[in-house]
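# let's see this in three dimensions:
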Amino acid sequence: MAISLQRFQQHLLPRLFNKKTHGGIYPMKKFACSMLALTMLVTAVGCSSGNNNKDSDKEATASSGNSGVAATNGVNEYGWDVPTETLKFSFYAGYDDQSEVDKLAVPMSQFYKEKFNVDIKKLVYSIDMNEKLNLMLATSDYPEVITNMDDAMAEKFIAQGRAIDLTDLIEKSAPNVKEKLGKYLNLMKNDEGKIYKLPAMWGENPNVAGWDFGIRYDWWKELGTPIYQTPEEYYQALKQVMANHPTNAQGQKIYAISDNANAGTNTQGANLYNGMLSAYGFKNGFKVNDSTGEFTHWMNTPEGLEIAKYINRFYREGMMDPDFLTNKFEDWQTKVTNERVIGNIGTWWQLWVGGQEAWAEQDKDKYNIEKRYMNVSVKAPGVEKSTELSSNFIGNYRMIITDKAKDPQKIIEWLNWEVSTLGTMITGYGKPDPENVWDIKDGKWIFKDSAMDYANKNTNFHDVREKKFGAQSFMMVAPGGWIKDDRLDPRVTRVSVYDMWPVTEEGKFLDAGVNLSWENVKGESWDSTLYTVTYKGDDPISNTNATIKDTLISEWAKMITSKTEEDLVSKFNSAKDKLNKLGLHDIEKYSAEAYKSNVEKFNQ
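Model (predicted):
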C-alpha cells in the first residue's frame, strides 16, 4: 500500500479537521473532534523544500531577541522571551460560537498569561467568514490579526492597505518563520518582493488517503468480488451493496452516497466532483498539458461531462441521499453513524468520523473491527495517474497582521515563537503536563502510553481540547504538517496536529483496523503547492473567479439533479457556455500564468 502526503487542507482540510467553518483551524467541528489529537507515522509523506524538521535547539530564541526594545524577564523554559509589559492583542479566526470558544480557551489563556505574560483574545462569529470579512472592510472594524482567511480575501485586505508589510519584521525578528518555510516563503511575496501574508496550517502534509471512493468494508466483503478500481466498478459495487442492505435496523432507507457542506458555506455537491476529478487526473480542477503549459478547466473538457453523467446516474436511480444538497456535516455524520450511507466520493476522513470512530465508541468491547469504511484509490480508464493524494505545503489559508496592530514587532515575535517546534507542540497539543497526552521529561517530549493506542484518539482529543488544555485555541500560523525533532518521543519519528497513527519499528500500523481501511490506497502523491493561485484584490480577475465559483456550484446542482441524461447534457452545455461568458477562459490563462510565476518565485 502506498501511503503518502496530505489537512489534509485539503484538506485540509481544509481537514479537514474540524470545528465549524474556520472556528480556528478547519471548517468542521466534528472533523476536529476526531482528526486533531495527534499524528504519528514513520512512513515518509510528501516532500518539502521547507525546513520543518530541524531540531529546535538550533532555532532562534522564540521571541527572536533581536528587537532590543522592550525590557524582558528573560527566556522561559519554553523558549519565549517573557516581556515585562503584558503583550495583548486580538485575532479573528472565522466561524464559530464565541461563548463556546471562550470556554474552551480558558486553560490555554491562563497558561499563556502565567508563563508567557501574553494575553490573546480570539474572536469568532456565527456568520460566513468571507461575509464577515467584507463587512469588516466596509466598517473598518477588524482586529489586529486575522487568520484562516482564504488567499483571495487576504489579497483584498492587502489591496486596500489594511494589512501591514511584514517583510522587514520577518527578516529581523522571525528567523523561525524563514527557516521553517524555506523557499516556500517566496510564494508569499508580491511582485515587488514584499510579504503581507503568511500561510496558516501549512507544512509537509500528513494526508493519507486524499480524495477517495470509500465503501462499508464488511458489506463490500459480503460481495466476494475483487476490489473495484474504476468509477464504473465502484458504482456496481455500491449498487450491489444497496440491494443487499436496503434499510437499516430502524427501517430507514440506505443510500449509496450522499454529500455535505461546512457550516456557513454553500458548497453542497462540490465534494462529488472534486473526488471524481482526482480519478481523472485533474490538478486543482484543471487538465494540465505539461508540454504546452495549457490549463483547461474541467467544465471545458469531455471528462467533465462524463463526471456529471456519472454523478447524475446515482440521483436518477434513487441511489443518492435526497438531502445531499442540504446536509451540513453534522447531518451527514448522523446518517453515516446510523448506517444509512454505503460509500463516499470525497475526502477520506469523513467516513471514518461518522463510521468506525463513532461505532467503536458506541460498541466499545463489542465493536467488530470489520464494521468500518475502507478508502480505495480509483482511476478512470485511460488515465495515467490519478491525483487524489496532493500535498500543498503552503495550504489554502492565510494570516495577516492588520493596520490596527498596536505593536506589530511583538506580534511577529509571538508568531515566530508559535512557529518554533516547541511552540507548535504547545500550540497544537496544549501545555506539557503529566495529565496531558504529552509532557517534557529529561528534555524529551514523551507521549503517555494511551496516546499510542489508536482507539483512544477521540478521547484524547476531547481531553486536550475540550476538557482540560484548550489545545489549538490560539493557533494562528503554526504548521499543521509533520513535526520532526530530535526531542520527540523515541517511539515516533514525526507528529502532526491531525491524528495519531501508532506504528511498528518497521513502519507498519499497529492498529489492524487502520490496515483494513487503507490496504487499497494505491495512489501516488504529487506536490500541488505551485498550482496555488493568488487572486489579487485589486485585479478584476478576482471578482471573475469569485463569480465563477459561486455560479459553478449552483449550476452543478442543477446538472446532477436532472431527471434524464439528455436533460443533464443540455444543462451541462448551458452551464459551460454561461461560465465561459463569465470569463472561465480567462481563469484558465490566469492559472497557467500563476503556475509559471510560482515556479519562478520558488526557484529564486
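# every contact and neighbour count from this point should use C-alpha atoms.
Fine.
# what ranges do the strands span in the stretch 501-604 of the chain?
Here the stretch 501-604 of the chain has its strands, by DSSP state E, counting those that start in this stretch, at 526-527.
# what does the stretch 51-200 of the chain give?
72-75, 81-83, 87-95, 118-125, 145-150, 198-200.
# parallel or antiparallel, list what pairs with the longest one.
Same thing as strand 87-95. If you go by DSSP bridges, strand 87-95 pairs up with strand 118-125 (parallel), strand 145-150 (parallel).
# in the protein, which helix or strand is least confident?
Scoring the helices and strands of the chain by mean pLDDT, DSSP states H and E places helix 29-35 at the bottom, with a mean of 36.
# of the strands paired with strand 87-95, which is nearest Phe213?
Nearest to Phe213 among the strands paired with strand 87-95 is strand 145-150 (27.2 Å), distances taken as C-alpha to C-alpha.
# and the contacts of that closest one?
Contacts to strand 145-150, defined as C-alpha atoms under 8 Å, 6 or more residues apart in numbering, come from residues 22, 24-25, 89-94, 129-130, 200, 396-402, 405, 476-477.
# where does the chain dip in pLDDT?
1-70, 206-208, 263-266, 498-510 (pLDDT under 70).
# longest helix of it?
Across the chain, the longest stretch assigned as helix under DSSP state H is helix 540-560.
# and that helix, how far out from the chain's middle?
Its chain's average C-alpha position is 22 Å from that of helix 540-560, according to C-alpha atoms, centre = their mean, to the nearest Å.
# which secondary structure elements does it contact?
Applying 3 or more C-alpha pairs under 8 Å, 6 or more residues apart in numbering; DSSP states H and E, one finds that helix 540-560 contacts helix 302-316, helix 565-582, helix 584-602.
# residues in contact with Leu473?
Residue 473: Ser, not Leu. Contact analysis of Ser473 by C-alpha under 8 Å, 6+ apart lists Gly24, Val101, Leu104, Ala105, Met108, Lys122, Thr427, Arg465.
# and of the residues you listed, the nearest to Thr267?
Gly24 (19.5 Å).
# can you tell me how far the residue lying closest to Glu303 once chain neighbours are set aside is from Thr529?
Excluding its sequence neighbours, the residue lying closest to Glu303 (C-alpha to C-alpha, 6 or more residues apart in numbering) is Tyr280, at 7.4 Å. Separation of Tyr280 from Thr529 (C-alpha to C-alpha, to the nearest Å) stands at 19 Å.
# how about Lys239?
Taken as C-alpha to C-alpha, the span from Lys239 to Thr529 is 37 Å.
# please apply the same query to Gly304.
Taking C-alpha to C-alpha as the measure, Gly304 falls 23 Å from Thr529.
# with Val514 instead?
Relative to Thr529, and taking C-alpha to C-alpha, Val514 is found at 28 Å.
# if we can go back for a sec, looking at Tyr280 and Thr529, which is more packed in?
Using other C-alpha atoms under 10 Å, the more surrounded residue of Tyr280 and Thr529 is Tyr280, with 25 against 20.
# who are the contact partners of the closest residue to Pro83 other than its chain neighbours?
Distances taken as C-alpha to C-alpha, 6+ apart put Thr72 closest to Pro83, at 4.1 Å, once the chain neighbours are dropped. Thr72 is in contact with Asp81, Val82, Pro83, Thr84, Glu85, counting by C-alpha under 8 Å, 6+ apart.
# quick one, domains of the chain?
Domain segmentation of the chain under automatic domain parsing yields 1-210+389-523, 211-388, 533-602.
# and the residue of the chain most remote from its centre, what does it touch?
Distance to the chain centre peaks in the chain at Ala71, reaching 38.7 Å (criterion: C-alpha atoms, centre = their mean). By C-alpha under 8 Å, 6+ apart, the contact set of Ala71 is Pro83, Thr84, Glu85.
# from Gly74, how far off is the second one?
Using C-alpha to C-alpha, Thr84 is found at 9 Å from Gly74.
# and the first one, by the same measure?
As judged by C-alpha to C-alpha, Pro83 and Gly74 stand 8 Å apart.
# returning to what we had before: out of the strands paired with strand 87-95, flag the one nearest Trp414.
Here strand 118-125 is closest among these (C-alpha to C-alpha), at 8.9 Å.
# distance from the closest one to the middle of the chain?
On C-alpha atoms, centre = their mean, the centre of strand 118-125 falls 22 Å from the chain's centre.
# outside of it, which residues touch it?
The contact list for strand 118-125 (C-alpha under 8 Å, 6+ apart) reads 23, 86-98, 101-102, 109, 112-113, 132, 473-474.
# buried among those residues? Need that as a selection in ChimeraX.
A single ChimeraX command selects the buried members of the contacts of strand 118-125 (16 or more other C-alpha atoms under 10 Å):
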select :23,87,89,90,91,92,93,94,95,96,101,102,109,112,132,473,474
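# neighbour count: Pro83 and Gly74, which is higher?
Pro83 (18 against 13).
# surely the more buried one meets Lys115?
No - if you go by C-alpha atoms under 8 Å, Pro83 and Lys115 don't touch, sitting 10.6 Å apart.
# isn't Ile257 right next to Glu317, touching?
No - the pair Ile257 / Glu317 is not scored as a contact, 11.9 Å apart, by C-alpha under 8 Å.
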